[in-house]
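**Student:** attaching a predicted model along with its sequence, questions to come.
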Amino acid sequence: MEEGYIAKQFTQPIKRYCQTLELKNDPGLIEEYKFWHRKENRWPEIPQGIQEVGILDMEIYIHGTVLFMIVETPLDFNWDDAFEKLAKLNRQAEWEAFVAKFQLTKPGATSSEKWTLMERIFSL
């Protein structure tokens, strides 16, 4: 972690979205949430659907109960259209219902309703 994370390189210009979401303050639930996001435990339909709607890369970071997500997309990516399509893909609604037990969100919320887009306030 202190050495940093290598960023993916793209052959095309990209844009980045950053989002946040809060987990329930329960260490056991947080560890289980992390378990289900490890590569070997992920539901394969979820990353496939994310890529299908045009997302090039997605990372989630955690600090305590706060999640921070980075989403990288092509320049012509339309956020609303993509997440409307994502919500209808195979197992996506099931996944959102499954992970809701870990999250401080309203029941039945879609991914785009759970995660809050963040405003960039600094760039070097």
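**Tutor:** Okay, I see it.
**Student:** output the below-cut-off pLDDT ranges for this protein.
**Tutor:** Along the chain, the parts satisfying pLDDT under 70 run over 1.
**Student:** what residue is smack in the middle of it?
**Tutor:** residue 69 (5.2 Å; CA atoms, centre = their mean).
**Student:** in the helix ranked longest in the chain, what's buried?
**Tutor:** In the chain, with assignment by DSSP state H, the single longest helix is helix 27-37. Buried positions in helix 27-37, judged by neighbour count with 16 or more other CB atoms under 10 Å: 30, 33. C-beta here means a position set from N, CA and C on the backbone, and glycine is covered the same way.
**Student:** mind saving the C-alpha coords of that helix as PDB?
**Tutor:** Coordinates of the C-alpha atoms in helix 27-37 are reproduced here as PDB (Å, rounded to 0.1, in the frame of the first residue of the first chain):
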ATOM      1  CA  PRO A  27     -16.000  -5.200  11.200                       C
ATOM      2  CA  GLY A  28     -17.400  -8.600  10.400                       C
ATOM      3  CA  LEU A  29     -19.600  -7.300   7.600                       C
ATOM      4  CA  ILE A  30     -16.700  -5.100   6.300                       C
ATOM      5  CA  GLU A  31     -14.400  -8.200   6.100                       C
ATOM      6  CA  GLU A  32     -17.100 -10.100   4.300                       C
ATOM      7  CA  TYR A  33     -17.700  -7.300   1.800                       C
ATOM      8  CA  LYS A  34     -14.000  -7.300   1.100                       C
ATOM      9  CA  PHE A  35     -14.100 -11.100   0.600                       C
ATOM     10  CA  TRP A  36     -16.800 -10.800  -2.100                       C
ATOM     11  CA  HIS A  37     -14.800  -8.200  -3.900                       C
END
